[in-house]
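Asker: fold the following and give me the result.
(one chain, ligands or ions: 2)
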Amino acid sequence: MALKNSATCYGSVSRFLHWSVVTLFAFQYLSAAIMTHLARDKTLLGLSQGDLYNWHKSIGLVLLTLALARLTWRKATPLPDWAPVLSKTERAISHRNETLLYGCMFLLPLSGYLFVMAGNFGVKLFGLVNLPNPIGKQEGLALLALIVHIVTSYAAVVFIAWHVGLGLKHHCYDRDGFLNRMLPFRQP
Ligand code: HEM
Ligand code: HEM
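Answerer: Ligands and ions are numbered 1, 2, ... in the order given. Coordinates of the predicted model:
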């Protein structure tokens, strides 16, 4: 499979970036659900609440770099043409939805980072290095960033649900092979 996208097909770099983001997003929701419910003195699979927070923050920052890589790659190699099986309305909604998904891919890590820095909680990247705090404690900003983080995380679920629902509806119900455009090692 070619590295770059062609007129009909996503290339391997786009597919790799897409599925890396999907996997790490799943980790973010799972880690968030556990870390916000686990008692401070309890562990899960040997991980304390603090470890889970650190993994959530570190993977979140990896996601920010992946989002940047994705946007850069998208600018460098044109997207394939719309899948012929999508109706005009589905194309119009998908276009809006993909823009919103990109917004979430940036807003989630940025608001999370702002929250922990303005709240002075910090980030120990993968438990190894304490990142410097360039903004210092600012309680108002921390609260605003937290609200944005939480609201965006719920909004992203809605956008992802539409995106996944459309893909599954075409692939499994209409049986038109739509997902083959993005699934690894498949040709449309
Ligand atoms: C795409 C990346 C990210 C996703 C999808 C994500 C998702 C979430 C979700 C779903 C929650 C739970 C919200 C709730 O309370 O209902 C959460 C909480 C949290 N996130 Fe993230 N997050 C991301 C990146 C980050 C980053 C980069 C940081 C910090 C550097 C961060 C720090 C936090 C913290 C500290 C909380 C707990 C807030 C609290 O105590 O209520 N997140 N995140
Ligand atoms: C975190 C979850 C997800 C995000 C943020 C996301 C984001 C995106 C974005 C922005 C695109 C546009 C192409 C690009 O810029 O790379 C895209 C394309 C695509 N995604 Fe996802 N996606 C997610 C999950 C999924 C899942 C779970 C599936 C499969 C069930 C899926 C199937 C597809 C397909 C088939 C395309 C190509 C659509 C076309 O033919 O134009 N996505 N995705």
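Asker: measure the residue in the chain sticking out farthest from the centre to Val116 for me?
Answerer: What lies farthest from the middle of the chain is Asp41; by Cα atoms, centre = their mean that is 29.9 Å. Asp41 sits 22 Å away from Val116, going by Cβ to Cβ, to the nearest Å. For glycine as for every other residue, the C-beta is placed from the backbone atoms N, C-alpha and C.
Asker: just Val164 next, same as before
Answerer: Per Cβ to Cβ, Val164 is found 29 Å from Val116.
Asker: repeat for His171
Answerer: 38 Å.
Asker: try Gly167
Answerer: Between Gly167 and Val116 the distance, using Cβ to Cβ, works out to 33 Å.
Asker: which of these two has more neighbours?
Answerer: Val116 (22 against 16; other Cβ atoms under 10 Å).
Asker: thought the more buried one was touching His56?
Answerer: No: if you go by Cβ atoms under 8 Å, Val116 and His56 don't touch, sitting 9.9 Å apart.
Asker: wait, doesn't His163 sit right on Asn97?
Answerer: Yes: assessed by Cβ under 8 Å, His163 is found in contact with Asn97 at 5.8 Å.
Asker: not counting its neighbours along the chain, what's nearest Lys57?
Answerer: Nearest non-adjacent residue to Lys57, counting by Cβ to Cβ, 6 or more residues apart in numbering: Val123, 4.7 Å away.
Asker: how about the residues of the chain near ligand 2?
Answerer: 14, 18, 21-22, 25, 74, 83, 98, 101-102, 105, 160, 163-164, 167-168, 178-179, 181-182 (Cβ under 6 Å from any ligand atom).
Asker: out of these, which touch ligand 1?
Answerer: Counting by Cβ under 6 Å from any ligand atom, the members of the residues of the chain next to ligand 2 near ligand 1 are Phe25.
Asker: now restrict the residues of the chain next to ligand 2 to buried residues only.
Answerer: 14, 18, 21, 25, 83, 101, 105, 160, 163, 167, 178-179, 181-182 (16 or more other Cβ atoms under 10 Å).
Asker: pLDDT and secondary structure for those - can I get that in JSON lines?
Answerer: Output for these, formatted as JSON lines (pLDDT from 0 to 100; DSSP: H, G, I helix; E, B strand; the rest coil):
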{"residue": "Ser14", "pLDDT": "97", "secondary structure": "helix"}
{"residue": "His18", "pLDDT": "98", "secondary structure": "helix"}
{"residue": "Val21", "pLDDT": "98", "secondary structure": "helix"}
{"residue": "Phe25", "pLDDT": "98", "secondary structure": "helix"}
{"residue": "Ala83", "pLDDT": "95", "secondary structure": "coil"}
{"residue": "Leu101", "pLDDT": "98", "secondary structure": "helix"}
{"residue": "Met105", "pLDDT": "98", "secondary structure": "helix"}
{"residue": "Ile160", "pLDDT": "98", "secondary structure": "helix"}
{"residue": "His163", "pLDDT": "98", "secondary structure": "helix"}
{"residue": "Gly167", "pLDDT": "97", "secondary structure": "helix"}
{"residue": "Phe178", "pLDDT": "94", "secondary structure": "helix"}
{"residue": "Leu179", "pLDDT": "95", "secondary structure": "helix"}
{"residue": "Arg181", "pLDDT": "93", "secondary structure": "helix"}
{"residue": "Met182", "pLDDT": "95", "secondary structure": "coil"}
